[in-house]
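Student: only geometry, no sequence info:
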């Protein structure tokens, strides 16, 4: 099928069209995955519930920064990628990849409802020979205990009639060095045959496939990766708070420690964790661990430290205004610089800036924000304003976008609270600049 001649597809293409793979979920994971597969010669069907999004994708318009429209459009024109809202089209795909969100509930417990709904739709259309791979981050045994029973209600048997595996997404938005293509793909199937079938599918589309013995091993691999980052960030966040009391420059200490060529990895403190993975994934494991009478105290403590950082940063802003402007936080004009969860992207998922804005507002500050990548912040009911540092009592650098001239910012601003070391050593020596 990979060698078939593909004709230009339209939104109303006949259902007799066959596809090498269907990707369920056209978001931060699904679109880069579809692009990588199509660029390797696969024919890809994208499935999403949003009719507007599907229509835009079929016009070659991408909403994902990592896949520019100019890269997506040729693949759409050539018929390599088509989007649809119709799950019935799954019947004509050889493989089905699930790339859907796995958020937390209000009680901070795993919410698999989106994935379960999709798996039920897939189960209603499952046929002999289908490969189904879950890529959504989740707790160990989800593939075996949640996905497998739904699919086997059909009477088909995994490893015999169809193939089921877990292969965690490892997308890093904005990273142009490590992409879906060259980040190794971890694959673990319900049976050895399932592992082999899934690995064979990814080979050729990604540079390296790493097989593990079970889906549980693959599921926990993804959690370990993100928990590792979360725990180490918590360590330096705690150290930053201690350094403030001891009047030691935490950034100088981290830079000095990073000169050691072995045994040390550099992590940086900040206003809190952001993105869909690191603030959420640890809770999936701590929740599942309780089922086994085990409490992941180390992981939970790291979560508490990281979740406290916006509160610590609010206090730092208050202190900077008191000492630098002889003003209280209440009634002060504060500009938050950067609301994306990381530099040089427009993704605000779980951004600590949202919580910090809420805390500063509650304290009575008059809030505005500037972010060249985020024109509107619906969660706060704000729109990005022009960068005019002199117009505010305090500028708080929450996200250090690279296109900002921080030396000029410091020169014009009255008080700067730098939560990312964006102003560097020069800023740390300036009396107007307050840092973690």
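Tutor: Nice, I can see it. The model shown is predicted, which means the values in this text are computed figures rather than measured ones.

Student: going forward, measure contacts between C-alpha atoms and count neighbours the same way
Tutor: OK.

Student: What residues does residue 226 make contact with?
Tutor: Neighbouring residues of residue 226 by C-alpha atoms under 8 Å, 6 or more residues apart in numbering: 277-278, 281-282.

Student: and what of residue 366?
Tutor: So residue 366 contacts 330-334 (C-alpha under 8 Å, 6+ apart).

Student: Skipping adjacent residues, who's closest to it in space?
Tutor: residue 333 (4.7 Å; C-alpha to C-alpha, 6 or more residues apart in numbering).

Student: What separation is there between that neighbour and residue 305?
Tutor: Applying C-alpha to C-alpha, to the nearest Å, the value for residue 333 to residue 305 is 28 Å.

Student: returning to what we had before: quick check: the two most widely separated of the contacts of residue 226?
Tutor: Within the contacts of residue 226, 277 and 282 form the most distant pair, 8.5 Å apart (C-alpha to C-alpha).

Student: Out of the contacts of residue 366, which comes closest to residue 39?
Tutor: residue 334 (45.8 Å).

Student: Where does pLDDT dip in the chain?
Tutor: Along the chain, the parts satisfying pLDDT under 70 run over 1-16.

Student: Surely residue 196 forms part of a helix?
Tutor: Yes. According to DSSP: H, G, I helix; E, B strand; the rest coil, residue 196 belongs to a helix.

Student: Now for it, how many residues are close by?
Tutor: By other C-alpha atoms under 10 Å, the residues close to residue 196 number 16.

Student: what does residue 248 give?
Tutor: 12.

Student: try residue 84
Tutor: Residues near residue 84, counting by other C-alpha under 10 Å, number 23.

Student: residues touching it, list them.
Tutor: Applying C-alpha under 8 Å, 6+ apart to residue 84 gives the contacts 11, 45-48, 51, 54.

Student: So which of those is the closest to residue 155?
Tutor: Using C-alpha to C-alpha, these come closest to residue 155 at residue 47, 24.9 Å.

Student: Who does the closest one form a beta bridge with?
Tutor: On the basis of DSSP bridges, residue 47 is bridged to residue 24, residue 84.

Student: picking that back up, can you name the two of the contacts of residue 84 that are farthest apart?
Tutor: 45 and 51 (14.4 Å).

Student: Pick out whichever of those two has more residues nearby.
Tutor: Neighbour tally, residue 45 and residue 51, criterion other C-alpha under 10 Å: the higher count belongs to residue 45, 26 against 14.

Student: Go through the contacts of residue 226 and name the one nearest residue 113.
Tutor: Once C-alpha to C-alpha is applied, the member of those that ends up nearest residue 113 is residue 281, at 16.1 Å.

Student: Compute the distance between the closest residue to the closest one other than its chain neighbours and residue 280, please.
Tutor: Counting by C-alpha to C-alpha, 6+ apart, residue 281 lies nearest to residue 223, which is 6.0 Å off, once chain neighbours are set aside. Taking C-alpha to C-alpha as the measure, residue 223 falls 10 Å from residue 280.

Student: Looking at these two, which one has more neighbours?
Tutor: Neighbours per residue (other C-alpha under 10 Å) separate residue 223 from residue 280, with residue 280 holding more: 26 against 23.

Student: Residue 417 against residue 428, yeah?
Tutor: No. Contact criterion C-alpha atoms under 8 Å: residue 417 and residue 428 do not qualify, at 10.3 Å.

Student: Need the overlap of contacts for these two.
Tutor: With C-alpha under 8 Å, 6+ apart as the test, residue 417 and residue 428 both reach 434-435.

Student: More neighbours: which of these two?
Tutor: residue 417 (28 against 19).

Student: Kindly state the beta-bridge partners for the more buried one.
Tutor: residue 396, residue 434.

Student: Please tell me how far it sits from residue 249.
Tutor: In terms of C-alpha to C-alpha, residue 417 sits 14 Å off from residue 249.

Student: Now do the contacts for residue 98.
Tutor: Residues near residue 98 by C-alpha under 8 Å, 6+ apart: 23-25, 115, 118, 132-136.

Student: run the last query once more with 10 Å
Tutor: 22-26, 29-30, 47, 115, 118-119, 122, 132-136, 166-167 (C-alpha atoms under 10 Å, 6 or more residues apart in numbering).

Student: burial measure for the nearest residue to residue 287 once chain neighbours are set aside, as a count.
Tutor: The spatial neighbour of residue 287 that comes closest, neighbours along the chain excluded (C-alpha to C-alpha, 6+ apart), is residue 109 at 6.7 Å. Look at residue 109: counted by other C-alpha under 10 Å, it has 16 neighbours.

Student: which ones are touching residue 109?
Tutor: By C-alpha under 10 Å, 6+ apart, the neighbours of residue 109 are 103, 280, 283-288.

Student: can you tell me which of the contacts of residue 98 are in helices?
Tutor: Judged by DSSP state H, helices contain the following of the contacts of residue 98: 30, 115, 118-119, 122.

Student: Can you select the buried ones among the residues you listed for me in ChimeraX?
Tutor: Selecting only the buried entries of these in ChimeraX, with 16 or more other C-alpha atoms under 10 Å as the criterion:
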select :30,115,118,119,122
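
Student: Show me which of the ones in helices among the contacts of residue 98 is closest to residue 386.
Tutor: The closest of these, once distances to residue 386 are taken by C-alpha to C-alpha, is residue 30, at 33.5 Å.

Student: could you point out which element follows the host helix or strand of residue 335?
Tutor: Residue 335 is part of strand 333-337 when elements are defined by DSSP states H and E. Downstream of strand 333-337, the next assigned helix or strand under DSSP H and E is helix 352-362.
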